[in-house]
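Asker: here is the input, now give the coordinates:
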Amino acid sequence: MYPRLIKLDPETEKRLISYLNDELTNHDFERQSAIDELKQFQTDYWAKPSTERKTFPFTGAANIIIPLTAIAVETIHARSMQTLFAVEPLVITKARRGDFTKFEGPLEDHLHYELTNNVKCRKPIDSCVLELEKFGTGIGKSGYERIVKKAIRPSPDGTRDEEFPVIVKDGATLDPVPNANFLMRHSDKDPQTAAWCGEEHSRSPYEVKLLEQAGLFRAGTFASLSVWVNAPEQQATFAQKSRDYERHVEKLENRVALWPKRLNWKELWLAFDIDQDGRDEEIVVHFHHDSFTIMAVRYNYHVDLRRPYRTGVYMTVENRWRGIGICKQNEQFQRSITTRHRQSLDSGTIANMQMFKVHKLSGYGPKEPIFPGKMWFLDDMSYIEPLPMTEVKSSSFALEQSDLTFSQMRSGVNESTLGMPQAGTPGTATSALSQVQESQKKFDFYYSNIKEFVSGLYFDVFSNIHQFGPKNIDYFTWSEHGDLLRQLYTLPLATIRDGLIFEVVAAGAKQNRLLDRQSWTQVAQVLQGYYASMMQLAQLSQDPQLIKLVMTKGIAAATEAMRQILQSFDIRNIDRLVLSELENIATGASSATPSGPNAIPVGGRSNGSQGNGEIPGMDRMAQIMALIGANGSS
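Answerer: The predicted structure is shown next:
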């Protein structure tokens, strides 16, 4: 069930409504310009011409918009999402103490199960990260939601109908918060320390009714606000302003929603003095601004009084919580390239519009057909002459390429990032590889910001599961390590929230598989030479324990290097291809004491060694070096 509602006296409720009305009214004015900017960013991303057919400078002039922003956004977003979801499990846990490492694997499997099956994290993470890349700031939240539906089934004897509740959703949630819907004063810098923060919800009447039945809102809320569901949008004073952005996107999609109507309200997390003792309490309020109706008010139900919102940035702006996105980076370059490209097309169109100057005595009229191979019979060769309109300027293409270069320098999206062949004369393989590595650095910086943002959201989901419980408690029964998970979830939430026991981060994989293959191939060669040299030195020492140690580590290193190489080729069932059994045998043998007739005693010689100190399999130079070392020590 949802946490209990606070019953306010009329005076306190009036004070709260007055405070919320003043704050939200002022904020609506200050965020209007920000919403207009978001609308312009979406217009640049969709690259949709404002008119279907241009009439200036002539009818049918070029109307194309170069989607420079969309090219960069989709390239970066594809790499980010592939990196985030390329490996399983989706999270990596790192224990801070050695005795807690046994919980790492079970916890990773459980969080992966919750995120993929119950929370359905891919879709909300997709929206959050896409807005982060587009607009520079991504906002997400993890909370708790419970939805109950009524089911009716015939009784066992068939004489009557029985109704019973069915819980369709109960547990931790992960939701994207659109930039246009997020509410926080521009003077604040962090949702956790702001005077108030929140978001605007827009749901269908059916969803609002379900939430009231589940206990989120006060009883009778839907009935009292039903008039605002059916009212035309012109009657709304506050709520519809935040839907301007949504309406704008719907128009770009040609998917303007007409029915059903929606109910808009605000969810606000704030500090307010409820009991008038001079100290503010952390509360969460659901507020319908147009009707000045409080739909629900509760104390902050998180153990550490945190607010559920997480923010992330694409390119950091110093001392600001909002960042710079690709839409802002390419804003002026897309317009410049579009203008130059249109000018080039119009110039070529006009240059191909050949006209003819015709002498009055030539005998040809305005309806004379023109076609290739036509013969003109004239009394004077000067009667008909072509009249060119203009010439194609060769500098237009160079200027367009110059703008494109500046855009690539700002956004970091170029031929290497797109996987396209390099323009002009191709360079050497070494130079191409170095260019790819350098271009990867900027994406690595962007991705580090994205990973930090997503890791925070995953950690909030983990904390909510710990506090409110998982949706399917039977997971602990059927899981192989359910007993360990039960022990883990009995730990105090504060220790987990503060990261004293575990560090939970989003997993990721390198995107450039070609670089991985080349890197691990080179590493494998270095490892081969390293362990070959170590084996020679171990044989010189004639210490069987040292020889077995080098052999064991060498087998493990070679097997791991082969795993990494096969993973870079996206090979499945890797354990069937590598000698995992040999690694296990070598690991087990290294801990065993040598025994048997051919065993080499510690500090002794094998039966195959000669009395003169020669070691089988050792070349002559190694023997000389061994003798020199022995004589020097004596």
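Asker: what residues does A557 make contact with?
Answerer: Residues near A557 by C-beta atoms under 8 Å, 6 or more residues apart in numbering: L527, Y531. Every residue, glycine included, has its C-beta placed from N, CA and C.
Asker: apply 10 Å and report the result again.
Answerer: V523, A524, L527, Q528, Y530, Y531, E583 (C-beta atoms under 10 Å, 6 or more residues apart in numbering).
Asker: what do you get for N118?
Answerer: K169, D170, G171, A172, T173, L174, V461, I465, P470, K471, N472, Y475.
Asker: doesn't the first one fall inside a helix?
Answerer: No - the assignment for K169, made by DSSP: H, G, I helix; E, B strand; the rest coil, is strand rather than a helix.
Asker: tell me what it is bridged to.
Answerer: Listed by DSSP bridges, the beta-bridge partners for K169 are I147.
Asker: contacts only, for it.
Answerer: K169 touches N118, E145, R146, I147, V148, K149, L210, A214, K471, counting by C-beta under 10 Å, 6+ apart.
Asker: buried among these? Need that as a selection in ChimeraX.
Answerer: Here is the ChimeraX command that selects the buried residues among these (16 or more other C-beta atoms under 10 Å):
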select :118,146,148,210,214,471
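Asker: may I ask which two of the contacts of K169 are separated the most?
Answerer: Distances among the contacts of K169 were taken as C-beta to C-beta; the most separated pair is N118 and L210, at 18.4 Å.
Asker: about what we covered before: looking at the contacts of K169, spot the one nearest A556.
Answerer: After measuring the contacts of K169 against A556 - C-beta to C-beta - the closest member comes out as N118, at 36.9 Å.
Asker: state the distance from that closest one to W321.
Answerer: 30 Å (C-beta to C-beta, to the nearest Å).
Asker: before we move on, what about Y309?
Answerer: For Y309, the distance to W321 - C-beta to C-beta - is 11 Å.
Asker: same question for L527.
Answerer: Distance from L527 to W321, by C-beta to C-beta: 45 Å.
Asker: look at the residue nearest the centre of the chain and tell me its secondary structure.
Answerer: Residue closest to the average C-alpha location in the chain (C-alpha atoms, centre = their mean): V129, at 3.7 Å. Under three-state DSSP, the three-state class of V129 is helix.
Asker: in stretch 91-102, what counts as buried?
Answerer: Quick answer for stretch 91-102 (16+ other C-beta under 10 Å): V91, I92, T93, F100.
Asker: please disregard the earlier target; I meant stretch 112-123.
Answerer: H112, Y113, E114, L115, N118, V119, C121.
Asker: could the residues you listed go into a markdown table alongside pLDDT and secondary structure?
Answerer: Formatted as a markdown table, the buried residues of stretch 112-123 follow (pLDDT from 0 to 100; DSSP: H, G, I helix; E, B strand; the rest coil):
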| residue | pLDDT | secondary structure |
| --- | --- | --- |
| H112 | 91 | helix |
| Y113 | 92 | helix |
| E114 | 92 | helix |
| L115 | 93 | helix |
| N118 | 89 | helix |
| V119 | 92 | coil |
| C121 | 94 | coil |
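Asker: just to revisit the earlier point, minimum pLDDT in the contacts of A557, which residue is that?
Answerer: In terms of pLDDT, E583 ranks lowest among the contacts of A557, with 65.
Asker: circling back to that earlier point, pull out the buried residues from the contacts of N118.
Answerer: Buried, going by 16+ other C-beta under 10 Å: D170, G171, A172, T173, L174, V461, I465, P470, K471, Y475, out of the contacts of N118.
Asker: out of those residues, which are inside strands?
Answerer: Members of those lying in strands (criterion: DSSP state E): D170, G171, A172, T173, L174.
Asker: what about A72, how many neighbours?
Answerer: Close neighbours of A72, defined as other C-beta atoms under 10 Å, add up to 29.
Asker: and the next element down the chain from the one helix or strand it maps to?
Answerer: If you go by DSSP states H and E, A72 is part of helix 68-84. Following helix 68-84 in sequence order, the next helix or strand is strand 91-95 (DSSP H and E).
Asker: which other residues reach that following strand?
Answerer: 100-112, 114-115, 454-455, 458-459, 461-462, 499, 501-508.
Asker: type out the PyMOL command that picks the buried ones from these.
Answerer: Per 16+ other C-beta under 10 Å, the buried members of the contacts of strand 91-95 correspond to this PyMOL selection:
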select buried, resi 100+103+106+107+108+109+110+111+112+114+115+454+455+458+459+461+462+501+502+504+505+506+507+508
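Asker: counting neighbours, what do you get for P308?
Answerer: Around P308 there are 24 other residues, counting by other C-beta under 10 Å.
Asker: could you check the pLDDT of it?
Answerer: P308 is given a pLDDT of 95.
Asker: could you do H466 as well?
Answerer: For H466, pLDDT reads 90.
Asker: just checking, it touches R486?
Answerer: No - H466 is not in contact with R486 according to C-beta atoms under 10 Å; the separation is 12.0 Å.
Asker: looking at those two, which one has more neighbours?
Answerer: H466 (19 against 12).
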